[in-house]
Structure formats: C-alpha cells, structure tokens
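Engineer: Build the 3D model from these lines:
(one chain, ligands or ions: 1)
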Amino acid sequence: MALLRFDKVSKSYPGNPPALSEVSFSVEPGEMLFVTGHSGAGKSTLLRLVHLSERPSRGTVLVNERNLAKVRGRKVPLHRRQVGVVFQDHRLLMDRSVHDNVALPLLIAGLPGSEVGKRVRTVLDRVGLGGRERALPAQLSTGEQQRVGIARAIVGQPLLLVADEPTGNLDPQLAAEIMQLFAELPAGGTTVLVASHDLMLVKRMRRRVLVLDHGRLVDDIAPEDLAA
Ligand SMILES: Nc1ncnc2c1ncn2[C@@H]1O[C@H](COP(=O)(O)OP(=O)(O)OP(=O)(O)O)[C@@H](O)[C@H]1O
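Structural biologist: Sure thing, here's the model as predicted:
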C-alpha cells in the first residue's frame, strides 16, 4: 500500500506554463526520498499539493490511500496533522519561546498540557535542542532555528513529512546534519519527502531521487543507480 501516490497530476497557475504536467509516482511507507530539479521545475508546487496549500488542475493525489480531492473544509486541518511541513525560512513565531513554537500543533490538536510538555521535551532532545525550551528563536543560530522548525513539524508524529529546501540557508556541515536528522525519521514511522536543488547533498544521501524538469517527472533514480 502506497503512503503517497500521484496519478497523472497536472497543475497550472493562471498565465504561466504548467508547473506540473502528468506527474505520476508512488512512495512506500518508511521511504525517504528527494525531489530535485532546476529553479521553477515544480518542486514546491508538488509539495504544496501534498500539504493542500494548492489543488491539482488535473489528476489525483492520494495520501495513505485517501484521495485528497475529497479532503475539503474542516477536513483540511485534520489532513495537515498527518503531514508535517518544513520550510526553508522556518516560519517560527519570533516572540514565542522554542517550547511554545513546538507545542503549537499539539495545542491546536487539543492534547492535554501534561502530554504536550512531555512530547515537546522528547522531540527537542531528538533534534539536539534539549534544555533550550525557554529560548526565543532570535537567541538561536540559523541551524538551531531550523531544528525548531523540524521539531514543530514532527512533534505530532505525522505519517509524512514534506520539506521544501530545508537546508537552503545553511552551511554544508549544518545541511548534512539536518539531512541526517531527516534520514532518522523513517525508523520512527514517518515517510520523508525533501525538495532540494542541491544535487551534491542529495547524491551524498544515497536515497531515491525524483527529477523534475519544467513540470515533468523526467527521472526516478534508485539509490543504487546514483553516480558517486
Ligand atoms: N502562486 C503562483 N502563481 C503563479 N505561478 C506560480 C505560483 N507558484 C509557482 N508558480 C510558477 O510555477 C512554476 C513552478 O514553480 P515552483 O515554485 O513549484 O518551482 P520550484 O522547482 O520549487 O522552484 P524554486 O527551486 O525556484 O523554488 C514556476 O514557473 C513558477 O513561476
């Protein structure tokens, strides 16, 4: 059973050539894979369709066998609890503590306070930020801020994590560390899809790679076929 499936998905924005054209692929539970391609190739659009910040013009997107066309209105927030998102610009609330930023999705989901505190501590330990609960984002380094964004995305134990250029602002060492963090998530039951134009980094991770070119899926490379 696929955890994520695109079936002949196209997306056009008004006045532009198609951002995605007839894209089909499927992802098994527990995979970590990348989507890569030139600027404007359609990477962000593909992720937005998974997170329901956009809808396809044609075709079907399924998450955990559920057709997202049927996820409307009040069901959208429920869907988003299953899909964690990490952005390049972490989009943290700068006037709230690390704890509050990470706790937010759990509070929205209605978890009791005692459970929230426990889960936030566990996830901050996991991303290497144990003990920094009370800090404000501005008191952290860029890499640490990105880790808070990741903690917030995974604290609800999503089925799927989508990350859009999550290491775009980071130096190579930090980028590698963040990627390593992502690589550990499938062991905890989260499937991971990362958009990145950084081919060197992607190759080094030795995972499956989808390649987009002008909105078309032109390659689907297995890890063993990645040239060193
Ligand atoms: N909201 C929008 N309105 C109109 N056109 C858009 C919108 N978002 C994206 N596009 C267009 O769709 C195409 C694909 O954009 P997308 O952002 O998905 O590409 P990308 O591969 O993520 O690029 P980058 O690496 O530069 O972020 C581009 O031609 C872009 O101009």
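Engineer: Let me know whether stretch 185-203 sits next to the ligand.
Structural biologist: Yes - using Cβ under 6 Å from any ligand atom, stretch 185-203 comes into contact with the ligand via residue 197. No exception for glycine: its C-beta is placed from N, CA and C like everyone else's.
Engineer: measure that stretch end to end?
Structural biologist: 19 Å (Cα to Cα, to the nearest Å).
Engineer: From the chain's centroid, how far away is it?
Structural biologist: Distance of stretch 185-203 from the chain centroid (Cα atoms, centre = their mean, to the nearest Å) equals 9 Å.
Engineer: Tell me the buried residues in it?
Structural biologist: Across stretch 185-203, burial judged by 16 or more other Cβ atoms under 10 Å covers 185-186, 190-196, 198, 201-203.
Engineer: Using a markdown table, please lay out those residues together with pLDDT.
Structural biologist: Listed next are the buried residues of stretch 185-203 as a markdown table, based on pLDDT from 0 to 100:
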| residue | pLDDT |
| --- | --- |
| 185 | 92 |
| 186 | 93 |
| 190 | 94 |
| 191 | 97 |
| 192 | 97 |
| 193 | 97 |
| 194 | 97 |
| 195 | 97 |
| 196 | 94 |
| 198 | 88 |
| 201 | 88 |
| 202 | 91 |
| 203 | 90 |
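Engineer: In terms of distance to the ligand, which of those ranks first?
Structural biologist: Comparing the buried residues of stretch 185-203 against the ligand with Cβ to the nearest ligand atom places residue 195 closest, at 6.4 Å.
Engineer: Next, give phi and psi for the closest one.
Structural biologist: phi -90, psi 130 (degrees, to the nearest 10).
Engineer: for the one 4 residues further on, same thing?
Structural biologist: Comment: the main-chain dihedrals of residue 199 come out as phi -60, psi -40, following degrees, to the nearest 10.
Engineer: returning to that earlier point: turn the buried residues of stretch 185-203 into TSV, columns for secondary structure.
Structural biologist: Below are these laid out as TSV (DSSP: H, G, I helix; E, B strand; the rest coil):
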residue	secondary structure
185	helix
186	helix
190	coil
191	strand
192	strand
193	strand
194	strand
195	strand
196	coil
198	coil
201	helix
202	helix
203	helix
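Engineer: what's the most distant pair in these?
Structural biologist: Taking Cβ to Cβ, the two most distant members of the buried residues of stretch 185-203 are 190 and 203; they sit 22.7 Å apart.
Engineer: Write down the beta-bridge partners of the closest residue to residue 27 other than its chain neighbours, one by one.
Structural biologist: Nearest non-adjacent residue to residue 27, counting by Cβ to Cβ, 6 or more residues apart in numbering: residue 4, 4.2 Å away. Listed by DSSP bridges, the beta-bridge partners for residue 4 are residue 27, residue 63.
Engineer: All set, thanks.
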